[in-house]
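Asker: structure, please.
(one chain, ligands or ions: 2)
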Amino acid sequence: MTFPLETQGMDRPSISLVVPVYNEEESVAHFAAAISKSTDESWPEGDICPHFEIVFVDDGSCDATAAVIRAMCRVDRRIKLVSLSRNFGKEAALSAGLKAATGDAVIPMDVDLQDPPELIRPMVDLWLAGAQIVNAKRIDRSQDSFFKRATSRLFYKTINAMGDHPIAADVGDFRLLDRSAVAVLNEMTERCRFNKGLFSWIGFRTETVEYARPARRAGATKWNISRLVALAIDGITASTTFPLRVWTIIGAIISILAFGYAAFLIAHTIISGVDTPGYASIMVAVLFLGGLNLFSLGLMGEYIGRIAIQVRGRPLYVVAETIGF
Ligand code: UDP
Ligand code: MG
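Answerer: Ligands and ions are numbered 1, 2, ... in the order given. This next block holds a predicted model:
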């Protein structure tokens, strides 16, 4: 970021950093400063530094986040703001940012500096060498709680066992996406978005850089158990249909077993006559099948609800204001 705007020729690649923010007034200025410092260090005098823009997406913050960013936009033309009309969630905010970003490559980042800016240079270098997507894989998650690590491992195992295109484990939204990949993502019309699933679904030549995930710099995480569970359900229903098929298989197996049992009962009655005991086994069978029925109905409901959302065709997010474009 050492070059003044006038010297930015057409041949310098441009990179957009897309940063969704929700109630992050104490983090945004630190973030911009850290990016500025790190790009200066990563591209020392003499190296051709790409042109950077930072696209903040204010996801309906109720604190001074938008005001702080607006003030930053006035003094630095590389900083841009997309304000959503209310809190739409990180996935929608990220989509809004991907749409607004103008760079030849786009890197979604968290504002809390858990996505280290030092990785930008290695990612850009791999991109310039021909990669269209550069994943940043967390090799050390010791900063995350045991619970978060365990559930995240379980989630990736489950979703990858069900889906037909694997989702890279421990790769968050922090990755470099070439313009061609961003164009495909912007074309996608799904309403129930699970970006990690879309990122891996689109394919493209992919490289990986590894890093240890640091702790959050300021502020508090916006994720709690219920939001994480909702994200996991969205992820599974948005990228797989396997859970629907499971019930066909389980239903078929139970029917075959029931058929065999009926045959046994008939034979038994013919050979040794009628006997009345069996209350417990009938109760168990009724309750078990009732539970199974309700579960599979609920599962259908999850998918049907998403079909309804898709059919309504409302926009993914509503932009209230843009600055700097
Ligand atoms: N975020 C957002 N909308 C939300 C929740 C979070 O835009 O509804 C942003 C948040 O400001 C941050 C990023 O998403 O820049 C990641 O959030 P956080 O650090 O809380 O998640 P974690 O790192 O704990 O997974
Ligand atoms: Mg974070």
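
Asker: just the helices from the stretch 51-200 of the chain, written as ranges.
Answerer: 65-75, 90-100, 120-128, 146-162, 179-187, 195-201 (DSSP state H, counting those that start in this stretch).

Asker: report the distance from the helix ranked longest in the chain to the chain centre.
Answerer: Counting residues, the longest helix found in the chain (DSSP state H) is helix 279-312. Centre-to-centre, helix 279-312 and its host chain are 27 Å apart (Cα atoms, centre = their mean, to the nearest Å).

Asker: so which elements touch that helix?
Answerer: helix 225-239, helix 242-272 (3 or more Cβ pairs under 8 Å, 6 or more residues apart in numbering; DSSP states H and E). Bear in mind the C-beta positions are built from the backbone N, C-alpha and C, glycine included.

Asker: against ligand 1, how distant is G219?
Answerer: Computed as Cβ to the nearest ligand atom, to the nearest Å, the G219 to ligand 1 distance reads 8 Å.

Asker: in three-state terms, label that residue for me.
Answerer: What DSSP: H, G, I helix; E, B strand; the rest coil gives for G219 is coil.

Asker: shouldn't it be in contact with D112?
Answerer: Yes - under the criterion of Cβ atoms under 8 Å, G219 makes contact with D112 at 6.3 Å.

Asker: neighbour-wise, which of the two wins?
Answerer: More crowded of G219 and D112, by other Cβ atoms under 10 Å: D112, with 22 against 17.

Asker: could you find the closest non-adjacent residue to that one?
Answerer: Closest residue to D112 apart from its sequence neighbours, by Cβ to Cβ, 6 or more residues apart in numbering: R216 at 4.4 Å.

Asker: with G313 instead?
Answerer: With Cβ to Cβ, 6+ apart, the residue lying closest to G313 is R191, at 7.7 Å.

Asker: that neighbour: how many residues sit nearby?
Answerer: R191: 17 neighbours (other Cβ under 10 Å).

Asker: do you know how far it is from ligand 1?
Answerer: 17 Å.

Asker: now E207
Answerer: For E207, the distance to ligand 1 - Cβ to the nearest ligand atom - is 23 Å.

Asker: and if you look at P20?
Answerer: From P20 to ligand 1 the distance is 3 Å (Cβ to the nearest ligand atom).

Asker: equivalent analysis for T322, please.
Answerer: 16 Å.

Asker: what is that residue paired to in the beta sheet?
Answerer: Counting by DSSP bridges, T322 is bridged to V82.

Asker: returning to that earlier point: so the residue nearest to G313 makes contact with L316?
Answerer: Yes - when contacts are counted by Cβ under 8 Å, R191 is listed as touching L316 (6.2 Å).

Asker: what residues does this structure have near ligand 2?
Answerer: Within reach of ligand 2 by Cβ under 5 Å from the ion, the chain has these residues: D110, D112, Q114.

Asker: just the ones of these in strands?
Answerer: In this view, those have no member that belongs to strands under DSSP state E.

Asker: turn those into a markdown table, including pLDDT and distance to ligand 1.
Answerer: Converted to a markdown table, these look like this (pLDDT from 0 to 100; distance: Cβ to the nearest ligand atom, whole Å):
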| residue | pLDDT | distance to ligand 1 |
| --- | --- | --- |
| D110 | 93 | 4 |
| D112 | 90 | 5 |
| Q114 | 88 | 5 |
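
Asker: closest one to T248 out of those residues, please.
Answerer: Lowest distance from T248 to those (Cβ to Cβ) belongs to D110, with 40.2 Å.

Asker: how many residues are close by the residue lying closest to D140 once chain neighbours are set aside?
Answerer: Leaving out its chain neighbours, the residue that sits closest to D140 by Cβ to Cβ, 6+ apart is A212, at 3.6 Å. A count of neighbours around A212, defined by other Cβ under 10 Å, yields 11.

Asker: dump the helices and strands packed on helix 279-312 to a markdown table, plus distance to V311 and mean neighbour count.
Answerer: Listed next are the helices and strands packed on helix 279-312 as a markdown table, based on distance: least, Cβ to Cβ, whole Å; neighbours: other Cβ atoms under 10 Å:
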| stretch | distance to V311 | mean neighbour count |
| --- | --- | --- |
| helix 225-239 | 15 | 16 |
| helix 242-272 | 18 | 11 |
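
Asker: cool, thanks, signing off.
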